[in-house]
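S.K.: Structure for this input, please:
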Amino acid sequence: MLGSMLEEFQRMNKRQFFYQVLSFGMIVSSALMIWKGLMVVTGSESPIVVVLSGSMEPAFHRGDLLFLTNPTDEPIRVGEIVVFKIDGRDIPIVHRVLKVHEKENGTTKFLTKGDNNRVDDRGLYAPGQLWLTPKDVVGRAKGFLPYVGMVTIMMNEYPKLKYAVLACLGLYVLIHRE
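M.R.: Okay, here's the model as predicted:
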């Protein structure tokens, strides 16, 4: 099978090869433009995230795809589901706002907790941090698609699966090419 794929590749002339590369580049650039457009429309640095753990069950399950907005003019409310980043951690966390403290000077601090967790998130925050502020928020959950993000989770947990998927896509393109 690999030998026939290589033969097919060798039979491609330069124009066909250039066309394939250009098509791939257009797909990648279109995806990036859509992502950047979503960032502008939603006000969130990450308008779509995947739930990575079961800490928000039963509201959200591992693998659910969340759609986020980040309206800076709306105050954060108790019960709202926020996605936030902690200093020193790369992966954002999806949890519900448990308490909100608004001071007279206009500053807001809040505490979060996963629906399926026994205690609040202070143990997850950066050392010495007891509350989150609006600058920690990546976005607020506005909608979701159940389990659609499982593909992302599987590819991260099983890196060899990425190569298998790419190989299958490559075979599909070669077989179904005009």
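
S.K.: Please tell me I have it right and V137 contacts F84.
M.R.: Yes - V137 is in contact with F84 according to C-beta atoms under 8 Å; the separation is 5.2 Å. C-betas here are computed from N, CA, C, even on glycine.

S.K.: Would you list the phi and psi of the residue nearest to P47 when sequence neighbours are not counted?
M.R.: With C-beta to C-beta, 6 or more residues apart in numbering as the criterion, P47 has its nearest non-adjacent residue at 4.0 Å, and that residue is L38. The phi/psi pair for L38 (degrees, to the nearest 10) reads phi -60, psi -40.

S.K.: Please renumber the chain so that the first residue is 24 from this point on.
M.R.: All right, first residue 24 from here; so that's L61.

S.K.: OK, contacts around K108?
M.R.: 115-116, 159, 161 (C-beta atoms under 8 Å, 6 or more residues apart in numbering).

S.K.: And the strands in this structure?
M.R.: 71-73, 88-92, 104-107, 116-125, 131-136, 160-168 (DSSP state E).

S.K.: Could I get the contacting residues of the residue most central in space within the chain?
M.R.: Central residue of the chain (C-alpha atoms, centre = their mean): V72, 2.7 Å from the mean position. Residues near V72 by C-beta under 8 Å, 6+ apart: 88-89, 91, 106, 115, 117, 161-162.
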